[in-house]
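Undergrad: Quick check, what structure comes out for this input:
(one chain, ligands or ions: 1)
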Amino acid sequence: MAARTSRVLHRSLRETPPKAIGGEGIYLFAEDGRRIIDASGGAAVSCLGHQHPRVIAAMAKQASTLAYAHTAFFSSEPAEALAETLVGHEPGGLAYAYFVSGGSEAIEASIKLARQYFLERGEPQRQHFIARRQSYHGNTLGALAAGGNAWRRAPYAPLLSAAFSHVTPAFAYHEKHDSESDAQFVARLAAELESEFQRLGPETVAAFLAEPVVGATAGAVTAPDGYFRAMREICDRHGALLILDEVMCGMGRTGTTHAWEQEGIAPDIQAIAKGLGGGYQPIGAMLASGKVIDTIRAGSGAFQHGHTYLAHPLACAAALAVQEVIREDGLLDCVKERGRQLEQRLTERFGNHRHVGDIRGRGLFWAIELVADRASRASFDPALKLHQKIKAEAFANGLGCYPGGGTVDGVRGDHVLLAPPYIASADEIDLIVDKLGSAVDNVLRSANH
Ligand code: PMP
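TA: Okay, here's the model as predicted:
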């Protein structure tokens, strides 16, 4: 029998990661005495860093007042206040918030709300959802079916609903032809979405689902200008909804509260999570437009979906405090300013690197992509698992960064994602890039590149 090191089922069933025993600011402390810079905020979660005193105080106050009340019986003060903060001003027409425990649940709720909306409108035939390849929308079965990450889907393929189909992502580095302008690339992707609507029958499509800035599967991929306006126009023309997944890229990560603000469009339904609660509590939310909710209110009058921990008071209080700190401390400006610095430093450090093909991102959400050959953009052999090696090397040297790729779709190369807390100082941003540079070079050197 293999040696057992922990009763907790970790991601690896062979290795137990070191225990985190504390944190402060952008640092996490491991039991072996190491200080790790949390340069990806876990997976773009810890937007305020660790142990923020105002968030801790708000949580302590809420915990001593009311930790939990079931939503079949009660609302709560923090849930009402958080919803008011998020959608009281109806950004882009989003007027209601449904609080769940994380990103996957927010996506499940979004898919089901879209379906129920059309049922209540008398359009039961709308049962198809179009998403994109190389996307990630969560690991529960509905969210996994929506996602286009071939590697994550493969083991569970027989369980995944056929209601989801996938089109080419707006991933310029790999998908745009050299001869194409951005506008031509957008036009080609729009034509592809249009033909997918036609293939399915436009009157059978419920929604198009996409991340404004792609996080987990491709690494901080921004869309070319005009892409989301084109997608919105196609959805509108066919009477379908636009669902945006801002689980990773939302809540200030790209410099505006919602990433879609920079695209000149707004969704009908939106999923948020990670930066909503900053990791202080497990919380996500579905935000929905008045149009969608009013239709259901006038029909059956109830969203046929629920969880035990909906709108958990302690989770809502933590998220409310996180959002207040972001607003009161002007942290969106910090994201923009430090984001520009991060872009500049990454460009200085990796712009001429022979094995870094792309440096991409927005706000404090950036990635570098490693290539065997810059001219052909050929990836390294996925079996080398370079992204994992860089993660391990960086971690050994006190830097936490988020690796990806290599095995995704078999071809799209290794990348490393950075998503530092919004409170990172200028010196800390420099240190992050220095440490990442050393990790990349050390790994490539030991792989003989
Ligand atoms: N959507 C996106 C874009 C994500 O990045 C993630 C998590 N990485 C999810 C959904 C799922 O969120 P969770 O892990 O909180 O269920």
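
Undergrad: quick one: contacts for whichever residue of the stretch 51-200 of the chain sits closest to the ligand?
TA: Using CB to the nearest ligand atom, the closest approach of the stretch 51-200 of the chain to the ligand is made by residue 103 at 2.2 Å. C-betas here are computed from N, CA, C, even on glycine. By CB atoms under 8 Å, 6 or more residues apart in numbering, the contact set of residue 103 is 137-138, 143, 245, 247-248, 271, 273-274, 284.

Undergrad: taking these one by one, which sit in helices?
TA: residue 143 (DSSP state H).

Undergrad: Show the residue spans covered by the helices in the stretch 101-250 of the chain.
TA: 103-120, 141-146, 150-153, 172-175, 182-200, 227-237 (DSSP state H, counting those that start in this stretch).

Undergrad: Of all these, which one comes closest to residue 363?
TA: helix 227-237 (16.3 Å; CB to CB).

Undergrad: what helices or strands is the strand or helix carrying residue 60 leaning on?
TA: Using DSSP states H and E, residue 60 falls within helix 53-65. Packing contacts for helix 53-65, counted by 3 or more CB pairs under 8 Å, 6 or more residues apart in numbering; DSSP states H and E, involve helix 313-328.

Undergrad: From the chain's centre, how far out is the helix it packs on? Work that out for me.
TA: Relative to its parent chain, helix 313-328 has a centroid offset of 19 Å by CA atoms, centre = their mean, to the nearest Å.

Undergrad: what about that helix, near the ligand?
TA: No - shown here: helix 313-328 not in contact with the ligand (CB under 6 Å from any ligand atom), separated by at least 12.5 Å.

Undergrad: List the buried residues in that helix.
TA: 313-326 (16 or more other CB atoms under 10 Å).

Undergrad: now do stretch 199-215
TA: Of the residues in stretch 199-215, those buried (16+ other CB under 10 Å) are 200, 202, 204-215.

Undergrad: near the ligand, which of those show up?
TA: Applying CB under 6 Å from any ligand atom to those, those adjacent to the ligand are 211, 215.

Undergrad: which one among the buried residues of stretch 199-215 gets closest to residue 237?
TA: Using CB to CB, these come closest to residue 237 at residue 202, 8.2 Å.

Undergrad: care to break the chain down by domain?
TA: Residue ranges for the domains of the chain, per automatic domain parsing: 20-51+330-446, 55-328.

Undergrad: Lowest mean pLDDT across the ones you listed, which one is that?
TA: For the domains of the chain, mean pLDDT drops lowest on domain 20-51+330-446, to a mean of 94.

Undergrad: residues from the chain in reach of the ligand?
TA: 43, 102-104, 107, 136-138, 211, 215-216, 245, 247-248, 273, 284.

Undergrad: Repeat the analysis, applying 8 Å as the threshold.
TA: 43-44, 101-107, 135-140, 143, 147, 211, 214-216, 245-249, 271, 273-274, 282, 284 (CB under 8 Å from any ligand atom).

Undergrad: Show me which of those residues are buried.
TA: Using 16+ other CB under 10 Å, the buried ones in the residues of the chain next to the ligand are 43-44, 101-107, 135-138, 143, 147, 211, 214-216, 245-249, 271, 273-274, 282, 284.

Undergrad: Now intersect the residues you listed with the strands, please.
TA: Assigned to strands by DSSP state E, the following of those qualify: 214, 245-246, 271, 284.

Undergrad: Out of the residues you listed, which comes closest to the ligand?
TA: Closest approach between those and the ligand, by CB to the nearest ligand atom: residue 245, at 4.6 Å.

Undergrad: Please enumerate the helices of the stretch 301-449 of the chain.
TA: 313-328, 331-350, 386-396, 426-446.

Undergrad: just those helices: most buried one?
TA: helix 313-328 (a mean of 23; mean count of other CB atoms under 10 Å).

Undergrad: Which elements pack onto that helix?
TA: If you count contacts as 3+ CB pairs under 8 Å, 6+ apart, helix 313-328 packs onto helix 53-65, helix 77-87.

Undergrad: contacts for it?
TA: In contact with helix 313-328 (CB under 8 Å, 6+ apart) are residues 47-48, 52, 54-55, 57-59, 61-63, 66-69, 76-79, 81-82, 85-86, 99, 101, 251-252, 275-278, 280-283, 309, 331-332, 422.

Undergrad: In PyMOL, select just the buried ones from those residues.
TA: The following PyMOL line selects those of these that are buried, judged by 16+ other CB under 10 Å:
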select buried, resi 47+48+52+55+58+59+62+76+78+79+81+82+86+99+101+251+252+275+276+277+278+280+281+282+283+309+331+332+422
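
Undergrad: In the stretch 301-449 of the chain, what residue comes closest to the ligand?
TA: residue 402 (9.3 Å).

Undergrad: Would you agree that residue is in contact with residue 417?
TA: Yes - using CB atoms under 8 Å, residue 402 is in contact with residue 417, at 4.1 Å.

Undergrad: quick one: common contacting residues for the two?
TA: 40, 44, 216.

Undergrad: what's near enough to touch the first one?
TA: Remark: with contacts taken as CB under 8 Å, 6+ apart, residue 40 is in contact with 400-402, 417-420.

Undergrad: which of the residues you listed lies closest to residue 185?
TA: Of the contacts of residue 40, the one sitting nearest to residue 185 (CB to CB) turns out to be residue 417, at 23.1 Å.

Undergrad: contacting residues around that closest one?
TA: Counted by CB under 8 Å, 6+ apart, residue 417 has contacts 40, 44, 215-216, 219-220, 365-367, 401-404.

Undergrad: Closest to residue 158 out of those?
TA: For the contacts of residue 417, the nearest to residue 158 is residue 216 (23.4 Å; CB to CB).

Undergrad: Spatially nearest residue to that closest one, not counting backbone neighbours?
TA: residue 136 (4.2 Å; CB to CB, 6 or more residues apart in numbering).

Undergrad: Check which residues of stretch 16-27 are buried.
TA: The neighbour-count check on stretch 16-27 (16+ other CB under 10 Å) flags 23, 25-27 as buried.

Undergrad: Sorry, wrong one. I was asking about stretch 178-187.
TA: Quick answer for stretch 178-187 (16+ other CB under 10 Å): 185-186.

Undergrad: Residues contacting that stretch, please?
TA: 170, 172, 175-177, 188, 224-227, 230.
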